[in-house]
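Engineer: Dropping the sequence and predicted coords here.
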Amino acid sequence: MSHLDRLRAVFRMTLNLPPDRPVDGLQYRSIPQWDSLAHMALIAAMEDEFSIMIDTDEMIDMSSFAKAVELLEKHGIGAAAV
(Lines give C-alpha, C1' and ligand atoms only; values in the text may rest on other atoms or scores of the structure.)
Protein backbone atom coordinates (compact mmCIF):
# COMPACT_ATOMS: atom_id res chain seq x y z
CA MET A 1 0.00 0.00 0.00
CA SER A 2 1.44 3.38 -0.99
CA HIS A 3 1.85 6.25 1.43
CA LEU A 4 -0.99 8.05 -0.39
CA ASP A 5 -3.33 5.09 0.07
CA ARG A 6 -2.35 4.93 3.74
CA LEU A 7 -3.00 8.66 4.11
CA ARG A 8 -6.38 8.33 2.39
CA ALA A 9 -7.27 5.52 4.81
CA VAL A 10 -6.24 7.70 7.77
CA PHE A 11 -8.47 10.52 6.52
CA ARG A 12 -11.44 8.19 5.93
CA MET A 13 -11.09 6.45 9.27
CA THR A 14 -10.50 9.58 11.34
CA LEU A 15 -13.24 11.61 9.65
CA ASN A 16 -15.62 8.62 9.66
CA LEU A 17 -16.09 8.64 5.89
CA PRO A 18 -17.19 5.74 3.68
CA PRO A 19 -14.33 3.62 2.28
CA ASP A 20 -15.09 4.75 -1.29
CA ARG A 21 -15.31 8.48 -0.46
CA PRO A 22 -12.76 10.49 -2.46
CA VAL A 23 -10.60 12.52 -0.08
CA ASP A 24 -7.87 13.97 -2.32
CA GLY A 25 -9.73 17.28 -2.71
CA LEU A 26 -10.75 17.70 0.94
CA GLN A 27 -10.01 20.94 2.72
CA TYR A 28 -10.28 21.81 6.41
CA ARG A 29 -13.89 22.61 7.33
CA SER A 30 -15.08 21.76 3.79
CA ILE A 31 -17.15 18.97 5.34
CA PRO A 32 -18.85 18.99 8.76
CA GLN A 33 -16.73 16.05 9.94
CA TRP A 34 -13.45 17.99 9.61
CA ASP A 35 -13.74 20.42 12.50
CA SER A 36 -11.06 21.48 14.98
CA LEU A 37 -11.43 18.34 17.13
CA ALA A 38 -11.24 16.07 14.10
CA HIS A 39 -8.22 18.03 12.92
CA MET A 40 -6.33 17.17 16.10
CA ALA A 41 -7.42 13.52 15.81
CA LEU A 42 -6.22 13.53 12.19
CA ILE A 43 -2.82 14.90 13.21
CA ALA A 44 -2.51 12.21 15.91
CA ALA A 45 -3.56 9.47 13.49
CA MET A 46 -1.01 10.64 10.92
CA GLU A 47 1.71 10.69 13.57
CA ASP A 48 0.81 7.12 14.58
CA GLU A 49 0.49 5.77 11.04
CA PHE A 50 3.72 7.28 9.72
CA SER A 51 5.80 7.42 12.95
CA ILE A 52 6.42 11.16 12.66
CA MET A 53 6.12 14.15 14.98
CA ILE A 54 4.11 17.05 13.59
CA ASP A 55 4.89 20.43 15.12
CA THR A 56 2.42 23.24 15.84
CA ASP A 57 3.20 25.25 12.70
CA GLU A 58 2.71 22.14 10.57
CA MET A 59 -0.62 21.41 12.30
CA ILE A 60 -1.85 24.90 11.49
CA ASP A 61 -0.58 24.74 7.90
CA MET A 62 -2.22 21.37 7.17
CA SER A 63 -5.44 22.77 5.76
CA SER A 64 -6.14 20.16 3.08
CA PHE A 65 -5.37 16.64 1.94
CA ALA A 66 -2.82 18.10 -0.49
CA LYS A 67 -1.09 19.91 2.40
CA ALA A 68 -1.03 16.62 4.33
CA VAL A 69 0.76 15.00 1.38
CA GLU A 70 3.30 17.88 1.38
CA LEU A 71 3.76 17.44 5.11
CA LEU A 72 4.56 13.75 4.70
CA GLU A 73 7.06 14.58 1.95
CA LYS A 74 8.70 17.15 4.25
CA HIS A 75 9.15 14.32 6.76
CA GLY A 76 10.71 12.12 4.06
CA ILE A 77 7.71 9.91 3.39
CA GLY A 78 6.88 9.17 -0.22
CA ALA A 79 8.77 12.07 -1.78
CA ALA A 80 10.55 9.78 -4.20
CA ALA A 81 7.32 7.98 -5.13
CA VAL A 82 5.44 11.11 -6.28
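Structural biologist: Arrived safely, thanks for sending.

Engineer: if you go through this structure in chain order, where are the helices?
Structural biologist: Assignment of helices within the chain using DSSP state H yields the ranges 3-14, 36-50, 56-61, 65-74.

Engineer: which ones are touching the closest residue to residue 7 other than its chain neighbours?
Structural biologist: Computed as Cβ to Cβ, 6 or more residues apart in numbering, the closest residue to residue 7 that is not its neighbour in sequence is residue 68, at 6.1 Å. In short, each C-beta sits where N, CA and C put it, glycine included. Applying Cβ atoms under 8 Å, 6 or more residues apart in numbering to residue 68 gives the contacts 7, 11, 42, 46, 62.

Engineer: In TSV, list the helices of the chain along with mean pLDDT.
Structural biologist: Listed next are those as TSV, based on pLDDT from 0 to 100:
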stretch	mean pLDDT
helix 3-14	97
helix 36-50	97
helix 56-61	96
helix 65-74	97
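
Engineer: For residue 30, find the nearest of the ones you listed.
Structural biologist: Nearest to residue 30 among the helices of the chain is helix 65-74 (9.9 Å), distances taken as Cβ to Cβ.

Engineer: do you know how far the spatially most central residue of the chain is from residue 57?
Structural biologist: By Cα atoms, centre = their mean, the chain has its centre lying nearest to residue 68, at 4.6 Å. From residue 68 over to residue 57 the distance is 14 Å, taken as Cβ to Cβ, to the nearest Å.

Engineer: ditto for residue 72
Structural biologist: Taking Cβ to Cβ as the measure, residue 72 falls 16 Å from residue 57.
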